[in-house]
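[1] Model the following, please.
(chains A and B)
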Amino acid sequence: EAGVTQFPSHSVIEKGQTVTLRCDPISGHDNLYWYRRVMGKEIKFLLHFVKESKQDESGMPNNRFLAERTGGTYSTLKVQPAELEDSGVYFCASSHWTRKDTQYFGPGTRLTVL
Amino acid sequence: RKEVEQDPGPFNVPEGATVAFNCTYSNSASQSFFWYRQDCRKEPKLLMSVYSSGNEDGRFTAQLNRASQYISLLIRDSKLSDSATYLCVVPSGGSYIPTFGRGTSLIVHP
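    Just a heads-up that it's a prediction; the model follows:
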């Protein structure tokens, strides 16, 4: 069974540009989560989808971040315009609806904003 | 008090040693607890879950102390391959939104 995949693995952009990160969860997992780890800090929750609906987006830093999960399959996280402090590793995770607390993580996207 | 606190280490131990890490949490309503392992520049991977008093899986034992609000991870007979960062994760209430600790670094040397 394929795990959670994320694309791209790395992205280097300039301040003010737009970047879109993609996450493909494990097939059949209704729950999809986005997290971010800024250098030197702990992993922080950004938001949670159940199928195509945003269940909790309390961790989104500001309105420059937009997450979507049309069709309830893959998800995208767009940052527009990017700022220096957005640099970090963005992880996606998914879980089955019967075991919400058992999350499987993707390899992450390392975002560098110059 | 931070929601989830861990000693960052590093814990530097020889092969074959027994090592233990603690993690304290502030939310007394938390019901489930997790240890994840994260290798350098990789994603976190679930190592163990703890729902009641404890859980054992081979060389790894996780224990929960609700009264003192901490969980521990014990690794027996350490292997070189155990070198990694161990993340303590505590979901908040019924939402299962996890709060991560900053991780404890373990280095096992020959």
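[2] Identify the residues contacting the closest residue to residue B:34 other than its chain neighbours.
    Counting by C-beta to C-beta, 6 or more residues apart in numbering or on different chains, residue B:89 is the residue found nearest to residue B:34 once chain neighbours are left out, at 4.2 Å. For the C-beta atoms, the positions are set from N, CA and C on the backbone; glycine is no exception. Applying C-beta atoms under 8 Å, 6 or more residues apart in numbering or on different chains to residue B:89 gives the contacts B:4, B:33-36, B:98-101.
[3] Save those residues as TSV, and put in distance to residue A:34 too.
    Shown next, in TSV, are the contacts of residue B:89 (distance: C-beta to C-beta, whole Å):
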residue	distance to residue A:34
B:4	19
B:33	22
B:34	18
B:35	22
B:36	17
B:98	12
B:99	15
B:100	14
B:101	19
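[4] Just confirm the residue nearest to residue B:34 is within a helix.
    No: judged by DSSP: H, G, I helix; E, B strand; the rest coil, residue B:89 forms no part of a helix; its state is strand.
[5] Against residue B:78, how distant is it?
    Noted for residue B:89: a distance of 22 Å to residue B:78, by C-beta to C-beta, to the nearest Å.
[6] ok, back up a step: of the contacts of residue B:89, just the buried ones, ChimeraX syntax please.
    The following ChimeraX line selects those of these that are buried, judged by 16 or more other C-beta atoms under 10 Å in any protein chain shown:
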select /B:4,33,34,35,36,98,99,100,101
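[7] quick one: which of the contacts of residue B:89 is nearest residue A:67?
    Using C-beta to C-beta, residue B:98 comes nearest to residue A:67 of the contacts of residue B:89, at 17.5 Å.
[8] The helix or strand containing that closest one pairs with which strands?
    Residue B:98 is part of strand B:97-100, with elements assigned from DSSP states H and E. Within its sheet, and counting by DSSP bridges, strand B:97-100 is paired with strand B:84-92 (antiparallel).
[9] Could you check how far residue A:72 is from residue A:78?
    Here the criterion is C-beta to C-beta. By it, residue A:72 lies 18 Å from residue A:78.
[10] Quick check, residue A:79 in contact with residue A:19.
    Yes: the criterion here is C-beta atoms under 8 Å, and residue A:79 meets it with residue A:19 at 5.2 Å.
[11] and residue B:103, how many neighbours?
    By other C-beta atoms under 10 Å in any protein chain shown, 24 other residues sit near residue B:103.
[12] Skipping adjacent residues, who's closest to it in space?
    Nearest non-adjacent residue to residue B:103, counting by C-beta to C-beta, 6+ apart: residue B:85, 4.1 Å away.
[13] pLDDT value on that neighbour, please?
    As predicted, residue B:85 sits at a pLDDT of 97.
[14] Would you mind confirming that it is in contact with residue B:42?
    No: the criterion here is C-beta under 8 Å, and residue B:85 misses it with residue B:42 at 9.7 Å.
[15] Contact residues of chain B facing chain A?
    Selection of chain B residues close to chain A by C-beta under 8 Å from any C-beta of the partner chain yields B:4, B:32, B:34, B:42-46, B:49, B:87, B:91, B:95-103.
[16] For chain A, give me the ranges with low pLDDT.
    Applying pLDDT under 70 to chain A flags the ranges A:1.
[17] Centroid-wise, who is the farthest residue in it?
    Within chain A, the residue lying farthest from the chain centre (C-alpha atoms, centre = their mean) is residue A:98, at 21.5 Å.
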